[in-house]
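In: No sequence on hand, only this structure:
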């Protein structure tokens with residue numbers, strides 16, 4: 001069972017318990033009043049009437065805690081899913097980097113640092129000739145690792 005599902009289950013259980021506790025309070029209060037444990041003269045309640053609010057408060061606190069734990073699990077699951085996506089992306093990036101040549105790695109690292117870097121700026125950062133950079137970018141683009149976007153007289157380069 002996923003953490004999120006468990007969180008929703010606990011949250012629902014907490015709401016259900018709260019409804020039961022409130023229902024129990026009102027029905028027990030009415031039953032005690034009807035069956036011989038009413039408020040005594042002078043406004044002093046019998047022992048059962050004195051204990052009932054404490055029992056109700058304890059039940060509502062327990063239901064609230066169960067609901068809060070459920071919400072925490074739901075929120076935590078979202079963070080775990082995001083962390084796993086980042087982890088998967090970084091491991092995929094590492095696997096790709098292993099099969100690239102040193103020149104291709106240089107280009108990929110520069111583009112990852114600055115998405116949308118112009119091809120002319122990339123040329124200066126990698127110290128490649130125009131022809132060599134163009135050929136390497138074409139190869140990387142064929143392998144779906146980068147995407148070139150025309151921007152005036154130059155291209156902007158993005159990772160895919």
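Out: Cool, the structure landed. Given the structure is predicted, the values throughout are model-derived calculations rather than measurements.

In: Which secondary structure elements does the helix or strand bottoming out on mean pLDDT in the chain sit against?
Out: Of all the helices and strands that make up the chain, helix 47-99 has the lowest average by mean pLDDT, DSSP states H and E, namely a mean of 83. In terms of contacts (3 or more C-beta pairs under 8 Å, 6 or more residues apart in numbering; DSSP states H and E), helix 47-99 is packed against helix 3-34, helix 102-113. To be clear about C-beta, it is placed using only N, CA and C from the backbone, and glycine gets the same treatment.

In: can I see the domain layout of this structure?
Out: Listed by automatic domain parsing, the domain ranges of the chain are 3-94, 100-159.

In: Can you say which of the ones you listed is packed in most?
Out: domain 100-159 (a mean of 15; mean count of other C-beta atoms under 10 Å).

In: and residue 125, helix, strand or coil?
Out: Reduced to three states with DSSP: H, G, I helix; E, B strand; the rest coil, the structure at residue 125 is helix.

In: Contact partners for it?
Out: Residues in contact with residue 125 (C-beta atoms under 8 Å, 6 or more residues apart in numbering) are 110, 117.

In: List the residues that contact the residue nearest the centre of the chain.
Out: By C-alpha atoms, centre = their mean, the chain has its centre lying nearest to residue 78, at 2.0 Å. Each residue near residue 78 by C-beta under 8 Å, 6+ apart is listed here: residue 4.

In: ok, it to residue 89 distance?
Out: Applying C-beta to C-beta, to the nearest Å, the value for residue 78 to residue 89 is 17 Å.

In: Go ahead and list the helix or strand containing residue 158.
Out: strand 154-159 (DSSP states H and E).
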